[in-house]
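K.L.:
next input, structure requested:
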Amino acid sequence: MAANGNPTVKRRQLGAELRRLRLACGLTSTQVAERLLISQPKISHLENGRRAIKPRDVRDLCSLYDVTDPEVVDSLMRMAGEAEQQGWWVACGEVPYAVYIGLETAACSIRSYEPMVIPGLLQTPSYAAAVIEETIPQATPEEIAVRHDIRLRRQSRAHHPARPLRLWIVLDESALRRVVGDSEVMRGQLAHLARLAAQPHITVQVIPHSAGAHPGMAGQFAILHFPDSPGTGTVYLERFTSDLYLEKRSDVQHYTALYEHLQAHALSPDHSRRLITETTKLYAS
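P.N.:
Predicted coordinates for the structure are as follows:
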């Protein structure tokens, strides 16, 4: 992990160490917030790696946690300086889901459910362009171009030669049948999806319409797991104005159980690929 230059990874590593030091002192995050005259959510965000940690914050926390070894303090402060670096996506301009991109880049596995659309990591360039243009009507051409570029650059994480991202995708059949762009776009997208689903680190399952009502009808979600904390995870819920990130163990367990229900409702990976291939024929010109 040390070789990973992703600032989100460094923030998570530093946050995990600060959480360990806090717990070793027997302090709650609320008590720490009260003593440092800051908000409790800030402590949670620092420990979860969702917010950059300034070296000054590390110094104050080390003092509160009775960390007196100068080498340990210096090491943590260096990590804080490295964690303040910006990810590649920041240079692209304002990105509404920048937090998610950082987490996605740091994750070792993602389990995602999508009821209406092919996930961004598996989209073709033409399908991605059509999705962005048709779902964000108020976006300017420049904003559309930025979002499109970022979406395609994100896909390199799914096929990293040294550490490919383990992807498990459950789709509702509606995502295969909803025409995004035109028939040519859909034909290319579904053929691309079938090829990706055959790769060893990517699993795609489809819930057919014949399965009837199922727990995923409430909407999209993803569960991300990280190599630095294999026993926990983060649930991501995409919303129109402000996305949600759930990290309480009970929330992650709830969505994990929900995901297992969706897997049970879905066709097997082999049968899902056959359905994708058969649906592709519907878009033949």
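
K.L.:
now stretch 137-146: buried residues?
P.N.:
Buried residues in stretch 137-146, defined by neighbour count with 16 or more other C-beta atoms under 10 Å: Val146. Every residue, glycine included, has its C-beta placed from N, CA and C.

K.L.:
what's the span of it from first residue to last?
P.N.:
15 Å (C-alpha to C-alpha, to the nearest Å).

K.L.:
per-residue confidence averaged over stretch 264-281?
P.N.:
For stretch 264-281, mean pLDDT rounds to 96.

K.L.:
ok now that stretch, how far from the chain's centre?
P.N.:
25 Å (C-alpha atoms, centre = their mean, to the nearest Å).

K.L.:
export that stretch as PDB, just CAs?
P.N.:
The C-alpha trace of stretch 264-281 is given here as PDB (Å, rounded to 0.1, in the frame of the first residue of the first chain):
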ATOM      1  CA  ALA A 264     -30.300 -14.800  -5.400                       C
ATOM      2  CA  HIS A 265     -33.000 -13.200  -7.600                       C
ATOM      3  CA  ALA A 266     -30.600 -12.800 -10.500                       C
ATOM      4  CA  LEU A 267     -29.600 -15.300 -13.200                       C
ATOM      5  CA  SER A 268     -26.300 -17.100 -12.900                       C
ATOM      6  CA  PRO A 269     -23.300 -15.300 -14.500                       C
ATOM      7  CA  ASP A 270     -23.400 -17.800 -17.500                       C
ATOM      8  CA  HIS A 271     -27.200 -17.400 -18.000                       C
ATOM      9  CA  SER A 272     -26.800 -13.600 -17.600                       C
ATOM     10  CA  ARG A 273     -24.200 -13.500 -20.400                       C
ATOM     11  CA  ARG A 274     -26.600 -15.500 -22.600                       C
ATOM     12  CA  LEU A 275     -29.400 -13.000 -21.900                       C
ATOM     13  CA  ILE A 276     -27.100 -10.100 -22.700                       C
ATOM     14  CA  THR A 277     -26.100 -11.700 -26.000                       C
ATOM     15  CA  GLU A 278     -29.700 -12.400 -26.900                       C
ATOM     16  CA  THR A 279     -30.800  -8.900 -26.000                       C
ATOM     17  CA  THR A 280     -28.000  -7.500 -28.200                       C
ATOM     18  CA  LYS A 281     -29.700  -9.100 -31.200                       C
END
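
K.L.:
hang on, Ala162 in a strand?
P.N.:
No: checked against DSSP: H, G, I helix; E, B strand; the rest coil, Ala162 lies outside a strand; its state is coil.

K.L.:
could you check the pLDDT of Thr241?
P.N.:
For Thr241, pLDDT reads 64.

K.L.:
wait, what's in contact with the closest residue to Glu238 other than its chain neighbours?
P.N.:
Among residues not flanking Glu238 along the chain, Gln220 sits closest, at 5.6 Å (C-beta to C-beta, 6 or more residues apart in numbering). Residues in contact with Gln220, defined by C-beta atoms under 8 Å, 6 or more residues apart in numbering, are 112-116, 237-238.
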